[in-house]
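Engineer: let's see this in three dimensions:
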Amino acid sequence: MTVDRTLVAKVQALPLFAGLTGKCAEQIAAEMKPYQFDSGEAVIVEDDGGRFGRLFVILEGTATVTIGGREVATYGPGDSFGEMSVLDGKPRSATVTATSALSTVGLASWNMRSLMQEHPEIALHLVDVLVARVRAADARIN
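Structural biologist: Residues are numbered from 1 along each chain as shown. Okay, here's the model as predicted:
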């Protein structure tokens with residue numbers, strides 16, 4: 001299996017996957033596929049089902065994130081989105097729209113599940129990352 005070393009490095013730099021071994025990052029990168037979007041095109045849409053969703057990583061370009069029509073963030077190269085629906089199959093919590101030509105790679109939910117079954121350390125790592133996010137959100141509320 002030949003894996004793009006640059007993509008492996010990008011996978012390892014993502015907060016979602018930071019700290020995983022090189023082998024795990026290589027496995028994740030090997031399952032990612034390229035996706036291109038035009039400016040103004042929705043990549044994911046709020047409330048759409050996540051059952052066949054994808055986690056996306058932006059390689060080039062920018063995108064905005066809206067929730068209920070309100071802009072809440074801007075994403076650029078190295079940012080990722082879509083991980084919650086990929087993991088739980090629930091509807092998307094936000095809309096992400098390309099604001100320029102957007103080059104991404106995506107990881108499908110069925111590939112993510114297979115990777116977690118084959119490499120339990122990926123699943124354990126994701127639990128740690130997502131629990132840290134919940135704790136940080138809880139701390140902001142309290």
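
Engineer: okay, and the helix or strand of the chain with the least pLDDT?
Structural biologist: Ranking every helix and strand in the chain by mean pLDDT, DSSP states H and E puts helix 83-88 at the bottom, with a mean of 82.

Engineer: and it, what does it pack against?
Structural biologist: In this structure, helix 83-88 makes packing contacts with strand 54-60, helix 109-118, judged by 3 or more C-beta pairs under 8 Å, 6 or more residues apart in numbering; DSSP states H and E. Placement of C-beta: from N, CA and C, glycine included.

Engineer: how does it look with 6 Å?
Structural biologist: Here helix 83-88 touches no other helix or strand, going by 3 or more C-beta pairs under 6 Å, 6 or more residues apart in numbering; DSSP states H and E.

Engineer: buried ones in it?
Structural biologist: Going by neighbour count (16 or more other C-beta atoms under 10 Å), the buried part of helix 83-88 is 83-87.

Engineer: got the CA coordinates for it in PDB?
Structural biologist: Once non-C-alpha atoms are left out, helix 83-88 reads as follows in PDB (Å, rounded to 0.1, in the frame of the first residue of the first chain):
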ATOM      1  CA  GLU A  83     -16.700  13.800  12.500                       C
ATOM      2  CA  MET A  84     -19.800  13.600  14.700                       C
ATOM      3  CA  SER A  85     -22.200  12.200  12.000                       C
ATOM      4  CA  VAL A  86     -19.500   9.900  10.800                       C
ATOM      5  CA  LEU A  87     -19.200   8.400  14.300                       C
ATOM      6  CA  ASP A  88     -22.900   8.200  15.300                       C
END
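
Engineer: what strands line up against the helix or strand that it is followed by, and which way round?
Structural biologist: Per DSSP states H and E, helix 83-88 leads on to strand 95-98 as the next helix or strand towards the C-terminus. In the sheet, strand 95-98 lines up against strand 42-44 (antiparallel), strand 63-67 (antiparallel) (DSSP bridges).

Engineer: mean confidence score for strand 95-98?
Structural biologist: If you average the pLDDT over strand 95-98, you get 96.

Engineer: for the lengthiest helix in the chain, packing partners?
Structural biologist: As assigned by DSSP state H, the longest helix anywhere in the chain is helix 120-141. Using 3+ C-beta pairs under 6 Å, 6+ apart, the elements in contact with helix 120-141 are helix 109-118.
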